[in-house]
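In: here is a sequence with its predicted model. Questions after.
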Amino acid sequence: MVRILSMLFSFVFALFCTGEFAVTVTQRENYTLIEVGEIPFQRYHEGWVYLAGAGSLYRMRPGGEELQRISDEFVSMMDSVYHEGWLYFTNSAFGMNGEPRGTLSRMRLDGADKTTYEQAAGTIGVFAVQGDWIYALTNARHVYRIKTDGSERHLLARDVNSFLLAGQWLFTTEGPRGVNSGAIVRYDLNGAGRTVLLEENYFLWLHFADDEYLYYAAPVLYWEEERPYYTSANMLQRMRFDGSGSAVVIRNEERPSISNMMLHGGHIYFLRAIGGGGNPVLTSLFRIRAGGTGLEELRGDFPGSFEIMGGHIYYVRSVHDMPMSDPNRFVKTYLHRLSLDGTTDEVIYQNYDSNGHVIYWGSFVHAEGLYVVAARAYYPSGGVLSCLRQKLSCLSAWWPFP
């Protein structure tokens, strides 16, 4: 829900509070800064930066060259996947352009040949592309296999909470809604050969796989629109693709507080919350070898999310420098770069300088260099809400702010 609200705010802000769209690229000591007006950064794919807002989709090179409008429709690229010359994405931006929310589409890198697949039974939330097939999980908890050219569609599994492609198999976690039980099931890629590998009296969730093992957890779930959403877990386990060799990798005895697990270079990076029960909750970043040895705390008092790019860990820390009641309140954002072993931690970028504040949109790595995408923020008196209110004055009948 937080991700959806964030996307909605980005779209509304770009739609109503943007000025002239211009690009400025500045080389800094440790990164390249791209200022793009106030059109939100979406994703980086294959040498192209994608920006979406004001009802359009743009792309450009990381150096700001070849800026192009490639669609007159708003296209959300936040969860897009590149595969063999195509970009695959779901229209998660609230069913815009007359397409049902969660519709799966593809297009070329330049926006050409856009194709929208026939809507499966339910909103598509998670998908993966392998070979000539798309595997998609709907909010009805069905897994479908769809030919990339749209010519075929097959229902493979029902009552699915999560799925994963590994080896030459489709793995799912399955269980009836509202029943505290779960199973890990293996299928052939065409849906045949259903084999139950593990059954437990609690929910199960697949996270990732390496060349030999599946990694899974017993998560804390909440349900929204008939679909389960993962929050955290108190244990991560693994087993081989045939169901043998089950073992615990990470265990937390205190509370269900392991989250943001990521496999990289033979280590699993994850967040662990310590405290609760009336005491302050502190989140720390850890890593452990995939076999469950060599647990290391990399950083304490961690802000809550991270990603690994170009051999480093990047995370964002935000600081409120004004009271919440101040209409001109601005959140200071600091982008940190942390070494994989946690020995060095440096602030690479901050979203304010002597010329004022900027909006931090995101970052990516291209040709081993870090790029930061931001927007100079010149708000009218009263801050962002005033900007929106001025643009939406014609809708004052429903505008909820006094």
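Out: Noted; the coordinates are in hand.

In: when you work out contacts or count neighbours from here on, use the C-alpha atoms and nothing else.
Out: OK.

In: quick one: residue 145 and residue 133 touch, right?
Out: Yes - with contact defined as Cα atoms under 8 Å, residue 145 reaches residue 133; the gap is 6.4 Å.

In: who's more crowded, these two?
Out: residue 145 (24 against 19; other Cα atoms under 10 Å).

In: element containing the closest residue in space to residue 374 that isn't next to it in sequence, please.
Out: Nearest non-adjacent residue to residue 374, counting by Cα to Cα, 6 or more residues apart in numbering: residue 360, 4.5 Å away. Residue 360 is part of strand 356-366, with elements assigned from DSSP states H and E.

In: counting by contacts, list what that strand packs against.
Out: strand 41-45, strand 369-376 (3 or more Cα pairs under 8 Å, 6 or more residues apart in numbering; DSSP states H and E).

In: list the contacts of residue 246.
Out: 237, 238, 239, 240 (Cα atoms under 8 Å, 6 or more residues apart in numbering).

In: switch to 7 Å and redo it
Out: Neighbour list for residue 246: 238, 239 [criterion: Cα atoms under 7 Å, 6 or more residues apart in numbering].

In: offset the numbering so it begins at 13, please.
Out: Yep, numbering from 13; the last one is residue 258 now.

In: measure it to residue 224 for me?
Out: Taking Cα to Cα, to the nearest Å as the criterion, residue 258 is separated from residue 224 by 12 Å.

In: same deal with residue 169?
Out: 23 Å.

In: what's the answer for residue 43, then?
Out: In terms of Cα to Cα, residue 43 sits 37 Å off from residue 224.

In: about what we covered before: quick check: mean pLDDT of the strand holding residue 372?
Out: Across strand 368-378, the average pLDDT comes to 85.

In: neighbour-wise, which of residue 43 and residue 224 wins?
Out: Using other Cα under 10 Å as the criterion, residue 43 and residue 224 rank with residue 43 on top: 16 against 12.

In: how many residues are close by residue 327?
Out: Look at residue 327: counted by other Cα under 10 Å, it has 18 neighbours.

In: repeat for residue 203
Out: Neighbourhood size, residue 203 [other Cα under 10 Å]: 17.

In: who's the nearest residue to residue 275 once chain neighbours are set aside bridged to?
Out: Leaving aside its chain neighbours, residue 275 sits nearest to residue 281 (6.4 Å; criterion: Cα to Cα, 6+ apart). Beta-bridge pairing of residue 281 under DSSP bridges involves residue 274, residue 299.

In: again, but for residue 370
Out: As for beta bridges, residue 370 partners with residue 388 under DSSP bridges.

In: that one contacts residue 385, correct?
Out: No - Residue 370 is beyond contact range of residue 385, at 10.0 Å (criterion: Cα atoms under 7 Å).

In: how about the contacts made by residue 283?
Out: Taking Cα under 7 Å, 6+ apart, we find residue 283 in contact with 270, 271, 272, 295, 296, 297, 298.

In: quick one, strands of the stretch 263-412 of the chain?
Out: Using DSSP state E, counting those that start in this stretch, the strands found in the stretch 263-412 of the chain span residues 270-276, 279-288, 291-301, 308-311, 319-321, 324-332, 343-351, 357-362, 364-365, 368-378, 381-388.

In: residue 249 versus residue 101, what's the distance?
Out: 31 Å.

In: repeat for residue 260
Out: For residue 260, the distance to residue 249 - Cα to Cα - is 4 Å.

In: and the nearest residue in space to residue 257 that is not next to it in sequence, how close does it get to residue 204?
Out: Distances taken as Cα to Cα, 6+ apart put residue 251 closest to residue 257, at 5.2 Å, once the chain neighbours are dropped. Residue 251 sits 21 Å away from residue 204, going by Cα to Cα.

In: so residue 269 makes contact with residue 284?
Out: Yes - contact status for residue 269 versus residue 284: in contact at 5.5 Å, counting by Cα under 7 Å.

In: more neighbours, the two?
Out: Each of residue 269 and residue 284 has its neighbours counted (other Cα under 10 Å); residue 284 has more, 26 against 22.

In: find the nearest non-adjacent residue to that one, please.
Out: Of all residues not flanking residue 284 in the chain, residue 270 sits nearest, at 4.7 Å (Cα to Cα, 6+ apart).

In: that neighbour contacts residue 248, doesn't it?
Out: No - using Cα under 7 Å, residue 270 makes no contact with residue 248, being 8.4 Å away.
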